[in-house]
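Asker: sequence-free structure coming up:
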């Protein structure tokens, strides 16, 4: 197989080992910040810096909307508790205290690669509109942090074959 030269399309998004449901078309945005640097300029060299000191790497902080709002998906990104009738899940209750949902995130791309984020915190809220022409959604921002045991904040590799 030839080298992968493009990354496109969301095939699947997992928090820990749970698929979090459908992502609204066109809602995924990498967000984040650009790299930061400081220019060092000299009187003798007008017009351009003589040295650029790197201060901070660029970062990603994806935003996206989940539109498949079954109760398990609500709990996965908003916290709270599931309501059960017997063994069947029949509802969801919002959390009563501050929620910090952090862990491993995996994004499979249609183009055949997988991004792994070992330590991401999800910030989410119920949003959108309640109409007959669109669906409600959970608006999410994923804060990518350094792993607790060190290492890279994220990586992209070829998606391993299933099976």
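Answerer: It's in. Since this is a predicted model, take the numbers as computed values, not measurements. Numbers count the residues shown, from 1 in each chain.
Asker: can you list phi and psi of residue 76 for me?
Answerer: Residue 76 has phi and psi values of phi -60, psi -40 when expressed as degrees, to the nearest 10.
Asker: the residue most central in space within the chain sits in which helix or strand?
Answerer: Most central in the chain under Cα atoms, centre = their mean is residue 142, positioned 4.0 Å from the mean C-alpha point. Per DSSP states H and E: residue 142 is located in strand 137-144.
Asker: so which elements touch the following helix or strand past that strand?
Answerer: Next along the chain after strand 137-144, taking DSSP H and E as the criterion, comes strand 155-158. Using 3 or more Cβ pairs under 8 Å, 6 or more residues apart in numbering; DSSP states H and E, the elements in contact with strand 155-158 are strand 113-127. All C-beta spots, glycine's among them, are computed from the backbone N, C-alpha and C.
Asker: got the angle between the strand it packs on and strand 137-144?
Answerer: If you take axes from the mean of the first three to the mean of the last three Cα atoms, to 10 degrees, strand 113-127 sits at 130 degrees to strand 137-144.
Asker: in strand 113-127, which residues are buried?
Answerer: Using 16 or more other Cβ atoms under 10 Å as the test for burial, strand 113-127 gives 113, 114, 115, 117, 118, 119, 120, 122, 124.
Asker: closest to residue 12 among those?
Answerer: Nearest to residue 12, judged by Cβ to Cβ, of the buried residues of strand 113-127 is residue 114 at 9.0 Å.
Asker: quick check: bridge partners of that closest one?
Answerer: Beta bridges link residue 114 to residue 108, residue 157, judged by DSSP bridges.
Asker: tell me who's in contact with it.
Answerer: Contact analysis of residue 114 by Cβ atoms under 8 Å, 6 or more residues apart in numbering lists 106, 107, 108, 156, 157, 158, 159, 160.
Asker: can you list those residues in CSV and add neighbour count and pLDDT?
Answerer: Formatted as CSV, the contacts of residue 114 follow (neighbours: other Cβ atoms under 10 Å; pLDDT from 0 to 100):
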residue, neighbour count, pLDDT
106, 18, 97
107, 22, 97
108, 17, 96
156, 13, 96
157, 10, 95
158, 11, 94
159, 18, 92
160, 7, 86
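Asker: residue 157 contacts residue 112, correct?
Answerer: No - contact criterion Cβ atoms under 8 Å: residue 157 and residue 112 do not qualify, at 10.2 Å.
Asker: and the residue lying closest to residue 51 once chain neighbours are set aside, its phi and psi?
Answerer: Once flanking residues are discounted, residue 51 sits nearest to residue 40: 4.1 Å by Cβ to Cβ, 6 or more residues apart in numbering. Main-chain torsions, residue 40, degrees, to the nearest 10: phi -100, psi 120.
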